[in-house]
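Asks: Sequence plus predicted model, see below.
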2 protein chains.
Amino acid sequence: MASSRYEADGFSGTATPSPTVPREAGPVVGTYILRPNQLGAGAHVANAAFMVASDAQRSGVGRRMAEHCLDEARRMGFCAMQFNFVVSTNVPAIHLWERLGFKIVGTLPGAFHHPEKGYVDVYVMYRSLL
Amino acid sequence: MASSRYEADGFSGTATPSPTVPREAGPVVGTYILRPNQLGAGAHVANAAFMVASDAQRSGVGRRMAEHCLDEARRMGFCAMQFNFVVSTNVPAIHLWERLGFKIVGTLPGAFHHPEKGYVDVYVMYRSLL
């Protein structure tokens, strides 16, 4: 999948493998990466990871990045998107992914060692893009 | 996790990140890799991948490698082992993992593009080592 530069809807970036950065009026407030989740015969499923600056939490930028990422994944021809490691205690993220059409398709028992809560489950989340 | 060389039970190799090779009387008949499935707070769960030479299929070497790998993972202190991408049509592998105590903890819809069967499901399989 070729890398391509784009500037649209308040975002600028390059497709896989470079991170995509949403631009506000000034500083970078977050970034995401979009890539195939597997090589070869699994490369039709996308994986993405997101990061929001600490002082931009709860500003909606995460949701905007996710929507942008889903559109971009469709544009690139991916058939589905999968998150491999959604920590079960990260309830705001899980709610966001569910609102965006993702479902929990797997539960990894105790796969994350939470600094306060100990070993907690991790979800695999998935949605079709077709 | 430090890498360590070992020679035991007909196997020789180094622990993560080098592949482990079972030795028969002559040629190499297979190899596996054992490593953390995630970094940081997910590094207590191991991941492994196996390869058996085409002329050594159905000789039991896969099972012997898997048993060796599970022992090695315990020895290295891993709490669990996870396979991220078990193609649902690979019934012999699934049966082997189930006999070795693994359970299907996730199903990724159509995540593998099979050359003859089209898009088929993929399983995430897991077992505790505690």
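Replies: It's in. Since the model is a prediction, treat every value here as computed from it, not as a measurement.
Asks: Going by C-alpha atoms from here, please, whenever you check contacts or count neighbours.
Replies: Will do.
Asks: quick one: low-confidence ranges for chain A?
Replies: The model of chain A has pLDDT under 70 over residues A:1-26.
Asks: Would you map the helices across it?
Replies: Assignment of helices within chain A using DSSP state H yields the ranges A:61-75, A:91-99.
Asks: From the contact counts, what lies against the longest one?
Replies: Applying 3 or more CA pairs under 8 Å, 6 or more residues apart in numbering or on different chains; DSSP states H and E, one finds that helix A:61-75 contacts strand A:30-36, strand A:45-52.
Asks: hang on, the earlier thing: can you lay out the helices of chain A as CSV showing distance to residue B:92?
Replies: Shown next, in CSV, are these (distance: least, CA to CA, whole Å):
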stretch, distance to residue B:92
helix A:61-75, 34
helix A:91-99, 35
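Asks: just so I know, which of the ones you listed lies nearest residue A:29?
Replies: Residue A:29 lies closest to helix A:61-75 among the helices of chain A, at 7.5 Å (CA to CA).
Asks: Distance of residue A:98 relative to residue B:62?
Replies: In this view, residue A:98 and residue B:62 are 39 Å apart by CA to CA, to the nearest Å.
Asks: Of those two, give the one with the bigger neighbour count.
Replies: Between residue A:98 and residue B:62, residue B:62 has the larger neighbour count (other CA atoms under 10 Å in any protein chain shown), namely 23 against 15.
Asks: how close does the more buried one get to chain A?
Replies: From residue B:62 over to chain A the distance is 23 Å, taken as CA to the nearest CA, to the nearest Å.
Asks: Show me the beta-bridge partners of the closest residue to that residue other than its chain neighbours.
Replies: Of all residues not flanking residue B:62 in the chain, residue B:52 sits nearest, at 6.5 Å (CA to CA, 6 or more residues apart in numbering or on different chains). Judged by DSSP bridges, the bridge partners of residue B:52 are residue B:30.
Asks: Give the full set of residues in contact with residue B:52.
Replies: Going by CA atoms under 8 Å, 6 or more residues apart in numbering or on different chains, residue B:52 touches B:29-31, B:61-62.
Asks: Mind doing that once more with 7 Å?
Replies: B:29-31, B:62 (CA atoms under 7 Å, 6 or more residues apart in numbering or on different chains).
Asks: And for residue A:122?
Replies: Listed by CA under 7 Å, 6+ apart, the contact set of residue A:122 reads A:85-88, A:107-112.
Asks: Show me which residues of chain A sit near chain B.
Replies: Residues of chain A that fall close to chain B, judged by CA under 7 Å from any CA of the partner chain: A:41-42, A:45, A:105-108, A:111-114.
Asks: so residue A:47 touches residue A:80, yeah?
Replies: No: taking contacts as CA atoms under 7 Å, residue A:47 lies outside contact range of residue A:80: 8.7 Å.
Asks: Settle it for me: which of the two has more neighbours?
Replies: For the pair residue A:47 and residue A:80, the greater number of neighbours falls to residue A:80 (25 against 21), based on other CA under 10 Å.
Asks: The residue lying closest to that one once chain neighbours are set aside - how many residues pack around it?
Replies: Nearest residue to residue A:80, sequence neighbours excluded (CA to CA, 6+ apart): residue A:128, at 4.1 Å. Residues lying near residue A:128 (other CA under 10 Å) number 16.
Asks: Residue A:99 too?
Replies: The tally of other residues near residue A:99 (other CA under 10 Å) stands at 11.
Asks: Distance of it relative to chain B?
Replies: Counting by CA to the nearest CA - residue A:99 and chain B are separated by 19 Å.
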